[in-house]
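Visitor: Turn this into a structure:
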Amino acid sequence: MDDVRAVMDAVGSSRAALLGVSEGGPMCSLFAATYPERTVALMMIGSYARRLWAPDYPWGPTDAQREAFYLQIERDWGGPLGIEERAPSRATDPAFRDWWAHYLRQGASPGAALALTKMNAEVDVREILPLVRVPTLILHRTGDRCLKVEEGRYVAARIPNARFVEQPGNDRLPFVGDQEALLTEIERFLTSSASSAGEEGALATVLSLHSHAASGPSSQATLLVTSIARQHRGELSSAGGSPPIVTFDGPARAIRAGLAMVSALSASGVPTSGGLHISECVRRNGHVEGVAVDVANAIARHGAPEELLVSRTVKDLVAGASFRFVELG
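Guide: Below you'll find the model as predicted:
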């Protein structure tokens, strides 16, 4: 999300339509929910809400199947890996097989490919999809062998008022098969969608700080929280309030700030625990309201001094950020 925003800022784009293919879909949906005022529309091609199998998400690969794919990457990266599943209509074309192998080698080293694949396996945006409030188009080919068409239907059903278009074909790659059909739907959608500036509510990661001290937060503690929040692009929404609430536009940044805050406050003589949750919030007169605040407050109260507790939703959105979590039930 930081990369998308940085590019938009660099070229002077205040609002943009986002198109996410495969794992690009979850990232774009998270951006649209976090920055509705900067998102004209959201589109996904052959995407998903969760990468791995779960009892309530039966279309993803199991852990064992994913491990087998990791071994394939280690063994076969640089050759036409996965072409039969991703481009079956061109899988026997020698020229295309050579091109696909070259494409993979140019895209990543074997180690980087494995790391990225493992990172993407952790993605789960199921709780975020209902918070997307921008015009949305979901495109999926019926015979997709990698990401089942049911996954596209699931994503469309979870996003309010999303439009789902199922197209014939079994090619995974959008630049293989009937590309014109995809482009026609995208053009039709973008030229007919209402250009909304986004609703008042937006996705945010909320940090609640719970003091275990006998007295309330001091002015020194407030200054400490404010300073750390500013370093991580956080916004203190209830300065001097109890408990202090800080909002962030990214969960990984919120975790780093939360760890720094509970550590610094406890070291200064104010034993503090923190709680993090991500959901839709509404900002009124400088204060943040919403279920994310209530949940973060409840989580923070369960923590011991210098402990930062996060909800499962937060954990599912920081794949690849090198955090280690302990399950508390």
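Visitor: how near is residue 284 to residue 139?
Guide: Summarising the geometry, the distance separating residue 284 from residue 139, computed by CB to CB, to the nearest Å, is 37 Å. (Glycine included, C-beta is placed from N, CA and C.)
Visitor: now residue 282
Guide: Spatial separation of residue 282 from residue 139 under the definition CB to CB is 32 Å.
Visitor: which SS state does residue 283 fall under?
Guide: strand (DSSP: H, G, I helix; E, B strand; the rest coil).
Visitor: Of residue 284 and residue 139, give the one with the bigger neighbour count.
Guide: More neighbours sit around residue 139 than around the other of residue 284 and residue 139, counting by other CB atoms under 10 Å; the figures are 24 against 9.
Visitor: That one touches residue 22, doesn't it?
Guide: No: under the contact definition of CB atoms under 8 Å, residue 139 does not touch residue 22, with a separation of 11.8 Å.
Visitor: can you list residues touching both of these two?
Guide: 45, 46 (CB atoms under 8 Å, 6 or more residues apart in numbering).
Visitor: ranges for the helices of the stretch 151-300 of the chain?
Guide: In the stretch 151-300 of the chain, the helices defined using DSSP state H, counting those that start in this stretch lie at 179-192, 219-231, 251-267, 291-301.
Visitor: Residue 3 is nearest to which of those helices?
Guide: With CB to CB as the criterion, residue 3 lies closest to helix 251-267 of the helices of the stretch 151-300 of the chain, at 13.1 Å.
Visitor: distance of the closest residue to residue 21 other than its chain neighbours from residue 86?
Guide: Spatially, and ignoring its direct neighbours in sequence, residue 21 is nearest to residue 45 (4.7 Å; CB to CB, 6 or more residues apart in numbering). Between residue 45 and residue 86 the distance is 13 Å, computed by CB to CB.
Visitor: Strands of the chain, start to end?
Guide: Taking DSSP state E, the strands of the chain run over residues 16-21, 39-45, 136-141, 163-167, 202-211, 235-236, 245-248, 272-284, 287-289, 308-310.
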